[in-house]
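> Give the three-dimensional model of this entry:
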Amino acid sequence: MIKDVVLSKGLTGFYFDDQRAIRRGNYSENGFTYDGVPVTPGFVKIRQAGESVSVQLVLEDGQVAYGDCAAVQYSGAGGRDPLFLADSYIPQIEAYVVPRLLGRKLTSFRELAEEIDGLRNGDGKPLHTAIRYGVTQAILDAVAKSRHVTMAEVVVDEYGLELIPEPVKIFAQSGDDRRLNADRMIIKHVDVLPHGLFNNVNKLGKQGEHLRNYLAWLKQRVQELKVYEDYLPDFHVDVYGTIGEAFNNDIEAIGEYAKQLAELVAPHRLAIEGPVDCGGKEEQMGVMAELCAYVDEQKIPVQFVADEWCNTLEDIKDFVQARAGHMIQIKAPDLGGINNSVEAVLYCHEHGVVPYLGGTCNETERSAQITVHLAVATRPAQILSKPGMGVDEGLSICTNEMNRLVALLKSKAR
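Residues are numbered from 1 along each chain as shown. Next up, the predicted model:
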């Protein structure tokens with residue numbers, strides 16, 4: 001039973017960035033920040049500190065379970081909930097969530113998570129995705145502690161899954177320091193790299209030349225720095241719609257550019273996340289579906305990854321049904337309750353689309369650890385290394401939690 005709920009303000013592993021302002025290019029870089037006028041509501045700067053709220057559930061036996069409420073780096077963009085500022089949202093947690101949790105018996109993670117995820121505020125709107133994300137993390141931890149099992153085992157049990165005690169691939173993200181951080185990834189033999197953060201067309205190149213040159217360098221760099229001869233990481237770049245911008249959303253031109261990149265990086269596998277950003281869900285699904293169909297018909301070995309405008313569980317189902325992505329990024333904080341992330345991975349599996357359990361650099365170590373448990377339980381193709389953009393910190397958090405969990409599950413099996 002939940003005896004008490006304790007809330008505290010915290011910092012995330014990165015920052016909130018005004019994506020619209022950055023994409024428009026109306027800024028100048030000033031050290032680690034940007035000078036310019038933000039355009040997304042709620043922002044007072046183009047870059048500002050990321051905030052979180054930690055939710056601690058005190059159980060009747062004295063154990064403490066916890067999760068962290070956090071939102072994505074590019075909050076307020078692509079149809080997402082607004083900026084998540086702790087001082088603004090702690091009162092909502094106190095008003096709408098705490099009364100539902102106090103005194104509750106921990107009989108089912110799935111049922112209680114679905115209840116919390118469905119709560120509405122005084123205006124009749126769903127609670128902020130960050131609130132639902134963090135509270136359901138804490139609920140999963142609480143149920144696991146009450147049963148004296150891991151969080152992964154709770155998910156496997158309640159969703160009728162097979163427990164497979166093996167690691168899931170980890171995908172690291174470089175931030176803007178895409179060369180130095182790629183070195184870090186290669187030295188540590190990361191499974192999937194580098195993300196790259198090609199978030200405006202100047203970084204990509206007017207005809208994609210900067211990305212092309214970067215991938216050529218990356219392939220050579222793997223050969224120079226790898227320790228083990230059989231190390232062959234997958235390449236996955238996030239381009240935030242800039243390829244569509246460079247090629248005027250021309251399907252054939254984008255497909256042929258992707259072909260050039262795929263041939264360039266072979267034998268590494270290539271995934272391109274967010275090749276276009278059409279400014280709305282329906283148009284985005286249509287163009288992404290056309291792109292996937294084109295490269296499939298032409299037998300171009302590239303995976304297009306859906307991200308923008310694919311935020312909720314319902315969005316993910318719609319993109320999957322439209323075949324609007326070979327791979328779907330399930331950006332866990334955007335889905336609200338982590339029960340939705342579980343459902344999303346399983347839905348992708350059921351319908352032959354590759355699930356990627358992602359998130360944001362703007363999370364915390366706790367949300368990263370819990371996402372690892374979801375991944376081991378549900379078996380997506382890869383999981384995002386998080387939080388932060390420094391590579392080493394997030395990679396260590398996710399790798400160590402993954403390896404601890406897998407070793408423990410194998411030990412239990414023996």
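> what about the lowest-mean-pLDDT helix or strand in the chain, distance to the chain center?
None of the helices or strands of the chain scores lower by mean pLDDT, DSSP states H and E than helix 19-24, at a mean of 83. Centre-to-centre, helix 19-24 and its host chain are 20 Å apart (CA atoms, centre = their mean, to the nearest Å).
> Need the nearest residue in space to Arg269, chain neighbours excluded.
Residue nearest to Arg269 in three dimensions, not counting chain neighbours: Asp234, with 4.6 Å by CB to CB, 6 or more residues apart in numbering. Every C-beta, even on glycine, is put in place using the N, C-alpha and C of the backbone.
> list the contacts for that neighbour?
Counting by CB atoms under 8 Å, 6 or more residues apart in numbering, Asp234 touches Lys169, Asp191, Val192, Leu193, His268, Arg269, Leu270, Ala271, Gln382.
> Kindly reformat the residues you listed as TSV and extend each row with neighbour count, secondary structure and distance to Pro82.
Output for the contacts of Asp234, formatted as TSV (neighbours: other CB atoms under 10 Å; DSSP: H, G, I helix; E, B strand; the rest coil; distance: CB to CB, whole Å):
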residue	neighbour count	secondary structure	distance to Pro82
Lys169	16	strand	33
Asp191	21	coil	34
Val192	23	strand	31
Leu193	29	strand	32
His268	17	coil	38
Arg269	16	coil	36
Leu270	20	strand	34
Ala271	23	strand	30
Gln382	22	strand	29
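> and which of the residues you listed is nearest to Leu346?
Gln382 (16.1 Å; CB to CB).
> So for the closest residue in space to the closest one that isn't next to it in sequence, what pLDDT did the model give?
Spatial nearest neighbour of Gln382, excluding adjacent residues (CB to CB, 6+ apart): Lys169 at 4.2 Å. On pLDDT, Lys169 comes in at 98.
> any idea how far Lys169 is from Leu180?
Applying CB to CB, to the nearest Å, the value for Lys169 to Leu180 is 23 Å.
> in the sheet, who's paired with the residue nearest to Arg269?
Val192 (DSSP bridges).
> In terms of pLDDT, where does it sit?
98.
> now the strands for the chain?
Applying DSSP state E to the chain gives strands spanning 2-17, 27-30, 33-36, 47-59, 64-69, 169-171, 192-195, 234-238, 270-273, 302-306, 327-331, 354-358, 382-384.
> Any idea which of these has the lowest pLDDT on average?
Sorting the strands of the chain by mean pLDDT places strand 27-30 lowest, at a mean of 90.
> Please compute how far that strand lies from its chain's middle.
The chain centroid and the centroid of strand 27-30 are separated by 27 Å, computed with CA atoms, centre = their mean.
> Partner strands of that strand, with direction?
Using DSSP bridges, strand 27-30 pairs in its sheet with strand 33-36 (antiparallel).
> Can you point out the buried residues in the partner strand?
Tyr34, Gly36 (16 or more other CB atoms under 10 Å).
> what's the answer for stretch 113-133, then?
The neighbour-count check on stretch 113-133 (16+ other CB under 10 Å) flags Ala113, Glu115, Ile116, Asp117, Leu119, Leu127, His128, Thr129, Ala130, Ile131, Arg132, Tyr133 as buried.
> Out of the residues you listed, list just those in helices.
Per DSSP state H, helices hold the following members of the buried residues of stretch 113-133: Ala113, Glu115, Ile116, Asp117, Thr129, Ala130, Ile131, Arg132, Tyr133.
> Most widely separated two among those residues?
The largest separation in those, counting by CB to CB, is between Glu115 and Ala130 at 17.8 Å.
> Distance check, Phe43 against Tyr34.
Counting by CB to CB - Phe43 and Tyr34 are separated by 11 Å.
> what is in contact with these two at once?
Common contacts of Phe43 and Tyr34, defined by CB under 8 Å, 6+ apart, comprise Ala21.
> Show me where the stretch 51-200 of the chain dips below the pLDDT cut-off.
Within the stretch 51-200 of the chain, the ranges that satisfy pLDDT under 70 run 78-79.
> How about the stretch 301-414 of the chain?
Those would be none, if you go by pLDDT under 70 across the stretch 301-414 of the chain.
> ranges for the helices of it?
Ranges of helices in the stretch 301-414 of the chain, per DSSP state H, counting those that start in this stretch, are 313-321, 338-350, 365-378, 392-413.
> among those, which is the most enclosed?
helix 365-378 (a mean of 25; mean count of other CB atoms under 10 Å).
> what's that helix packed up against?
strand 64-69, helix 129-147, helix 151-158, helix 338-350, strand 354-358, strand 382-384, helix 392-413 (3 or more CB pairs under 8 Å, 6 or more residues apart in numbering; DSSP states H and E).
> Distance-wise, check Glu290 relative to Val276.
The gap separating Glu290 from Val276 is 10 Å, by CB to CB.
> Which neighbours do those two have in common?
By CB under 8 Å, 6+ apart, no residue touches both Glu290 and Val276.
> Quick check: chain neighbours aside, which residue is closest to Gln48?
Using CB to CB, 6+ apart, the nearest residue to Gln48 is Phe16, at 5.3 Å.
> Just give me the neighbour total for that neighbour.
If you count neighbours by other CB atoms under 10 Å, Phe16 ends up with 28.
> ok, now which ones touch it?
Contacts of Phe16 (CB under 8 Å, 6+ apart): Phe43, Arg47, Gln48, Ala49, Gly50, Glu51, Ala71, Gln73, Ser75, Leu83, Asn362.
> between the residues you listed, which is nearest Glu209?
The shortest approach to Glu209 among these belongs to Gln73, at 26.5 Å (CB to CB).
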